[in-house]
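# Got a predicted structure plus its sequence, pasted below:
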Amino acid sequence: MEELKIEGSPKTPTIEFNPSTGYLLVRGRSIPENSIEFYKPLIEILEAYNQSSQANTKVDVQLEYFNTSSSKCILDVFKKLEAINSGSSEVTINWYYEEDDEDMLEAGEDYQAIINVPFKMIEVEEE
């Protein structure tokens, strides 16, 4: 299975997924013109990865901002991770937020309440 690398832009996050190490990174801003199209390759590779996942899957989500349509797609990604977690892989999601960013903390807590995957809230200093 190939690695997935999507270069970030001012409107889209960097996405890096390495199936051989079980590591997923989502970092930046997520306000794409078409969220469903943007996240589709990630959702598809996670479906394939679920068939032959690593023992541990680590996910780092370091988003500065995302819009409403992205939030639905992010939830879809988390649902794929939930399926992987209930299979043969132990998934951990690290949700990073800046210390004064209550909105991102609350968004992470909302996902944590919906998804049955261990979430770690990680506060980072503002850059």
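Happy to help now that I have it.
# what residues are up against residue 45?
1, 4, 17, 19 (CB atoms under 8 Å, 6 or more residues apart in numbering). C-beta here means a position set from N, CA and C on the backbone, and glycine is covered the same way.
# For the protein, just list every one of the strands.
4-6, 14-18, 23-30, 56-66, 90-98, 119-124 (DSSP state E).
# what pairs with the closest residue to residue 70 other than its chain neighbours across the strands?
Using CB to CB, 6 or more residues apart in numbering and skipping the chain neighbours, the partner closest in space to residue 70 is residue 30 (4.0 Å). Note on residue 30: beta-bridge partners by DSSP bridges are residue 66.
# Format the strands of the chain as a markdown table; extra columns: mean neighbour count, distance to residue 77 and mean pLDDT.
Shown next, in a markdown table, are the strands of the chain (neighbours: other CB atoms under 10 Å; distance: least, CB to CB, whole Å; pLDDT from 0 to 100):
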| stretch | mean neighbour count | distance to residue 77 | mean pLDDT |
| --- | --- | --- | --- |
| strand 4-6 | 15 | 12 | 98 |
| strand 14-18 | 18 | 9 | 98 |
| strand 23-30 | 20 | 8 | 98 |
| strand 56-66 | 19 | 9 | 97 |
| strand 90-98 | 19 | 10 | 97 |
| strand 119-124 | 14 | 13 | 96 |
